[in-house]
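J.: Sequence first, predicted coordinates after that:
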Amino acid sequence: MPYRDTGFFSRLAIDYIDHHTDVAPFYKFSPDEKGLKQAIDERSGYPVNRPALVEALTKQYGRLPRHSKVEENIQRLLQQNTFTVCTAHQPNLLTGYLYFVYKILHAIKLAEQLNEQYADKHFVPVYYMGSEDNDIEELGTFHFRGSKYVWDGDSQGGAVGRMQTKGLKPLLHELFKWFGPPGKVCDELQKTLTAAYLQHKTIAEATHYLVNELFGQYGLVVLNPDEATLKAAFIPVMEDELLHQRSYPIISEQVKKLGEGYDIQAHPRQLNLFYLSEQLRERIEKNGNKWDVLNSGKHFNKDEVLDELNEHPECFSPNVMLRGLYQETILPNVAFIGGGAEVAYWLQLKTLFEHYKVFYPCILLRQSVLWVSAPQGQLRLQLELGVSDIFKPEQQLAIAYVSSHTSGEWKTDAETAAIENIFQSLQKKATDLDPTLTEGAAAALAKMKHQLRTLEKKMLRAEKKKMNIPVQRIAHLKSALFPNNSLQERVDNFMEYYLAHGNTFFETVKEGIKPLNSDFLVIE
């Protein structure tokens, strides 16, 4: 169904996928087959250091189980006719939210489709891990079967990807209690999660293992950008940022233009780099002839900061304004798949890419999915609700149900109209006698109409009581499909669905995804 009909997406995201003329100046390639073809045709003009990329990937995969498709895709990246289809997300604990896996499945499906379409080229799906994010409150939280699980990082600081996993055993032990009866899928998932988080040193390594176990069969390549050999290619941009802070005025101009019609997702800082070390990820600020790392006591002069950058590029971390620029510097990427918020901030960056002569990819809104189980689907039919109806507010559905299944005796429309006629006649009489009585008559009418609306609400409640069971079923269906009045994919974790269906869950979602069709997917 159309995204705009769900009521959950911003006007900017809707206008973008609808090719609205107001958004056109802020991207290069339209989010459709035509735009993607143009991106593929132009990508070859922007070379990347393929040997460095493959070297970094080979190192990061280390002793991980090697899926033949993954190994093949990594080696293919050395070839000039191989390109990537990329999605990015932070290493949320146990993947965090459902859309984590939907993003990845979208990238996989698009790569498969392009490989069928272009016989002379090869396309590799890539999960770009945002391992340098330091928001542990967000990344350390997930929901499972109605319960919220929180890991505070055991008081560790810095990038979440670098955090040690050694304190996660109690959380996993508590989680596994609610996995349900033993079985092949349950046992294998528990084994995979245990190996990921208790046999790997850091969150980034654990996430790499978990994603590889779940999606390696499809040839998905996982890339952790927190790597010195990769950041070496980004040194010229980071040096320019440190010395001249050119990104701020460039992005600010785009923000000003885009902000004339839409809400802005993210604002640039004067200097858009962090300093990164063990237990530390803090903003860098330039103050006079000094570069200060906030909340750390670290300070550099010009020579010192440039020496640090060239000798240890891994100590410098791009923020959200420069992350995409770094991504496209190290990957031969043609398409980036992101959520609504990601699409919004990418639309602020086109001129920055042009300034640094870095390829600006085709930006695609990730596939959103609502998974409706068989019992939920049966309940929907029993309640006589269409697929689009379930996106409507619960109160609206309840009123519609009651209205369609009663004689309508609780409504006071006819009485209100009759009283209005009587009061208009009385108002005329009163005005003829004394014009000062006009306002009093109008106030009396307003008071009576208010009392009628109050009475109507009470009669509706009485009618609802007669239909308490179907009204409660509507509430149950809505709360199950839209937890916390949000989209299911923004609250639930994949484990609940994977435990019920195994890999069929992934296969079903992948089958339903139409990578270049801008529609919301409902799977019942």
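T.: In hand now; what should we look at?

J.: Strands of the stretch 401-524 of the chain, residue ranges please.
T.: Using DSSP state E, counting those that start in this stretch, the strands of the stretch 401-524 of the chain run over 521-523.

J.: Give me the pLDDT value at the spatially most central residue of the chain.
T.: Residue closest to the average C-alpha location in the chain (Cα atoms, centre = their mean): Gly339, at 4.0 Å. Confidence at Gly339, expressed as pLDDT, is 96.

J.: my read: it touches Leu365, true?
T.: Yes - if you go by Cβ atoms under 8 Å, Gly339 and Leu365 touch, sitting 7.4 Å apart. In short, each C-beta sits where N, CA and C put it, glycine included.

J.: what about the stretch 351-500 of the chain, any weak spots by pLDDT?
T.: Within the stretch 351-500 of the chain, the stretches with pLDDT under 70 are 407-411, 441, 463-464.

J.: Doesn't Leu276 lie inside a strand?
T.: Yes - per DSSP: H, G, I helix; E, B strand; the rest coil, Leu276 lies within a strand segment.

J.: Apart from its neighbours in sequence, what residue is nearest it?
T.: In this structure, Leu276 finds its nearest non-sequential neighbour in Ser317, 4.3 Å apart by Cβ to Cβ, 6 or more residues apart in numbering.

J.: A strand includes that neighbour, no?
T.: Yes - counting by three-state DSSP, Ser317 falls inside a strand.

J.: Next, find the distance separating it from Glu308.
T.: 13 Å (Cβ to Cβ, to the nearest Å).

J.: can you check Lys231 too?
T.: Counting by Cβ to Cβ, the gap from Lys231 to Glu308 is 12 Å.

J.: Residues that sit against both of the two, list them.
T.: Taking Cβ atoms under 8 Å, 6 or more residues apart in numbering as the contact rule, Lys231 and Glu308 both touch Phe316.

J.: the more surrounded of these two?
T.: Lys231 (24 against 17; other Cβ atoms under 10 Å).

J.: then stretch 372-390 to PDB, C-alphas only?
T.: C-alpha atoms of stretch 372-390 as PDB (Å, rounded to 0.1, in the frame of the first residue of the first chain):
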ATOM      1  CA  VAL A 372       0.400 -10.100  10.100                       C
ATOM      2  CA  SER A 373       0.200 -13.700  11.500                       C
ATOM      3  CA  ALA A 374      -2.500 -16.100  10.300                       C
ATOM      4  CA  PRO A 375      -4.600 -15.700  13.500                       C
ATOM      5  CA  GLN A 376      -4.300 -11.900  13.200                       C
ATOM      6  CA  GLY A 377      -5.400 -12.100   9.600                       C
ATOM      7  CA  GLN A 378      -8.400 -14.200  10.500                       C
ATOM      8  CA  LEU A 379      -9.300 -11.700  13.200                       C
ATOM      9  CA  ARG A 380      -9.000  -8.900  10.700                       C
ATOM     10  CA  LEU A 381     -11.500 -10.600   8.400                       C
ATOM     11  CA  GLN A 382     -13.900 -11.400  11.300                       C
ATOM     12  CA  LEU A 383     -13.900  -7.700  12.200                       C
ATOM     13  CA  GLU A 384     -14.600  -6.900   8.500                       C
ATOM     14  CA  LEU A 385     -11.500  -4.700   8.200                       C
ATOM     15  CA  GLY A 386      -9.600  -4.100   5.000                       C
ATOM     16  CA  VAL A 387      -5.800  -4.100   5.000                       C
ATOM     17  CA  SER A 388      -5.700  -0.400   4.800                       C
ATOM     18  CA  ASP A 389      -8.200  -0.100   7.700                       C
ATOM     19  CA  ILE A 390      -5.700  -1.600  10.200                       C
END
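
J.: For that stretch, which outside residues touch it?
T.: 1, 5, 397, 401, 404, 470, 473-474, 476-478, 480-481, 500, 522-524.

J.: mind running it again at 7 Å?
T.: By Cβ atoms under 7 Å, 6 or more residues apart in numbering, the residues outside stretch 372-390 that reach it are 1, 5, 397, 401, 470, 473-474, 477, 480-481, 522-524.

J.: Find the helix or strand that Val222 is a member of.
T.: Per DSSP states H and E, Val222 falls inside strand 221-223.

J.: ditto for Gln378
T.: helix 374-382.

J.: Pro483: neighbour count?
T.: Neighbours of Pro483 using other Cβ under 10 Å come to 15.

J.: Skipping adjacent residues, who's closest to it in space?
T.: Val491 (4.4 Å).

J.: buried stuff in the helix or strand harbouring Glu285?
T.: For Glu285, the enclosing helix or strand under DSSP H and E is strand 280-287. Buried residues in strand 280-287, counted by 16 or more other Cβ atoms under 10 Å: Leu280, Arg281, Glu282, Arg283, Ile284, Lys286.

J.: Can you name every helix or strand that the helix or strand following it contacts?
T.: Downstream of strand 280-287, the first helix or strand assigned by DSSP H and E is strand 290-293. Under the contact criterion of 3 or more Cβ pairs under 7 Å, 6 or more residues apart in numbering; DSSP states H and E, the helices and strands touching strand 290-293 comprise strand 280-287, strand 298-300.

J.: Indicate which one of those strands is closest to Tyr360.
T.: Across the helices and strands packed on strand 290-293, Tyr360 has its closest neighbour in strand 280-287 (25.3 Å, Cβ to Cβ).

J.: CA atoms only: put that closest one into PDB for me.
T.: Provided in PDB are the C-alpha atoms of strand 280-287 (Å, rounded to 0.1, in the frame of the first residue of the first chain):
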ATOM      1  CA  LEU A 280      36.400   7.700  24.200                       C
ATOM      2  CA  ARG A 281      34.500   9.200  21.300                       C
ATOM      3  CA  GLU A 282      34.200  13.000  21.700                       C
ATOM      4  CA  ARG A 283      33.700  15.900  19.400                       C
ATOM      5  CA  ILE A 284      36.700  17.900  18.200                       C
ATOM      6  CA  GLU A 285      36.500  21.700  18.300                       C
ATOM      7  CA  LYS A 286      38.900  24.200  16.900                       C
ATOM      8  CA  ASN A 287      39.600  27.100  19.200                       C
END
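
J.: returning to what we had before: of the helices and strands packed on strand 290-293, which approaches Ile104 most closely?
T.: Of all the helices and strands packed on strand 290-293, strand 280-287 comes closest under Cβ to Cβ, at 24.8 Å.

J.: That closest one pairs with which strands, parallel or anti?
T.: strand 273-277 (antiparallel), strand 290-293 (antiparallel) (DSSP bridges).

J.: any idea which of those is most buried?
T.: strand 273-277 (a mean of 21; mean count of other Cβ atoms under 10 Å).

J.: before we move on, the earlier item: show me the one of the strands paired with strand 280-287 that comes nearest Glu42.
T.: So among the strands paired with strand 280-287, strand 273-277 is nearest, using Cβ to Cβ, at 28.4 Å.

J.: Need the contact partners of the closest one.
T.: Residues contacting strand 273-277 (Cβ under 7 Å, 6+ apart): 132, 159, 238, 241-242, 281-284, 293, 298, 315-319.

J.: and of the strands paired with strand 280-287, who's closest to Ile108?
T.: strand 273-277 (30.0 Å).

J.: can you tell me the average pLDDT over that closest one?
T.: 97.

J.: Tell me the buried residues in the helix or strand Leu12 falls within?
T.: Here Leu12, judged by DSSP H and E, is contained in helix 11-17. By neighbour count, with 16+ other Cβ under 10 Å as the criterion, the buried positions of helix 11-17 are Leu12, Ala13, Ile14, Asp15, Tyr16, Ile17.

J.: Throw the residues you listed into JSON lines and include distance to Asn73 and pLDDT, thanks.
T.: Listed next are the buried residues of helix 11-17 as JSON lines, based on distance: Cβ to Cβ, whole Å; pLDDT from 0 to 100:
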{"residue": "Leu12", "distance to Asn73": "33", "pLDDT": "97"}
{"residue": "Ala13", "distance to Asn73": "30", "pLDDT": "96"}
{"residue": "Ile14", "distance to Asn73": "34", "pLDDT": "97"}
{"residue": "Asp15", "distance to Asn73": "35", "pLDDT": "97"}
{"residue": "Tyr16", "distance to Asn73": "29", "pLDDT": "97"}
{"residue": "Ile17", "distance to Asn73": "29", "pLDDT": "96"}
